[in-house]
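> Need coordinates for the following:
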Amino acid sequence: MSARGPARRPFVRSMEGWWRKNPYFIEYMVHEGTALFVAAYALILLISITCLARGEAAWNQWLAVLTNPLCIFVHVLLLVGFLYHTWTWFNIMPRTLPPIIMNGARVTAATITRTGLAAALIASLIIFIIAASLAS
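Numbers count the residues shown, from 1 in each chain. This next block holds a predicted model:
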């Protein structure tokens, strides 16, 4: 005990479950969690490029792995996670960008989200068309 009274300890707020108390933080944490789906797919693409660089035999083995039903199921899960991540990314974008002014008026959040989603869809379609034309 000091001359001023009992020793005081600083208040320490518990961090346990902080993100579950607010719907905004739940959305944020789920969005950040889906980044793992993006990273997993990036790893699959890296493995694909490595197998392609090793030659035809390695590439054909990798293609056989990719046709396994379990691998197809994993790809479907990754696609769902990737789509949700994309959706939430463009949904969050209007809140993180500085105001965009066009023709003297502020661009609405819905316009920013729709434009981002449309750009992602168009880019995906272009890549799909190029890949399909190269495969044939």
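> Quick check: phi and psi on residue 108?
Per-residue torsions, residue 108: phi -70, psi 160 (degrees, to the nearest 10).
> again with residue 55
phi 120, psi 180.
> Around it, count how many other residues there are.
Taking other Cβ atoms under 10 Å as the neighbour definition, residue 55 ends up with a count of 9. Just so you know, the C-beta spots here come from the backbone N, C-alpha and C atoms, and that holds for glycine as well.
> Next, find the distance separating it from residue 61.
When Cβ to Cβ, to the nearest Å is applied, the distance between residue 55 and residue 61 equals 10 Å.
> Give me the longest helix you can find in the protein.
helix 23-54 (DSSP state H).
> Which positions within stretch 92-100 qualify as buried?
residue 94 (16 or more other Cβ atoms under 10 Å).
> what does that stretch rub up against?
Stretch 92-100 is contacted by residues 31, 106-110, 112-113, 116 when judged by Cβ atoms under 8 Å, 6 or more residues apart in numbering.
> Counting by contacts, list what the longest helix of the chain packs against.
Using 3 or more Cβ pairs under 8 Å, 6 or more residues apart in numbering; DSSP states H and E, the elements in contact with helix 23-54 are helix 56-66, helix 69-96.
> Let's have the ones you listed in a markdown table, adding distance to residue 39.
Supplementary listing: the helices and strands packed on helix 23-54 in a markdown table, determined by distance: least, Cβ to Cβ, whole Å:
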| stretch | distance to residue 39 |
| --- | --- |
| helix 56-66 | 18 |
| helix 69-96 | 10 |
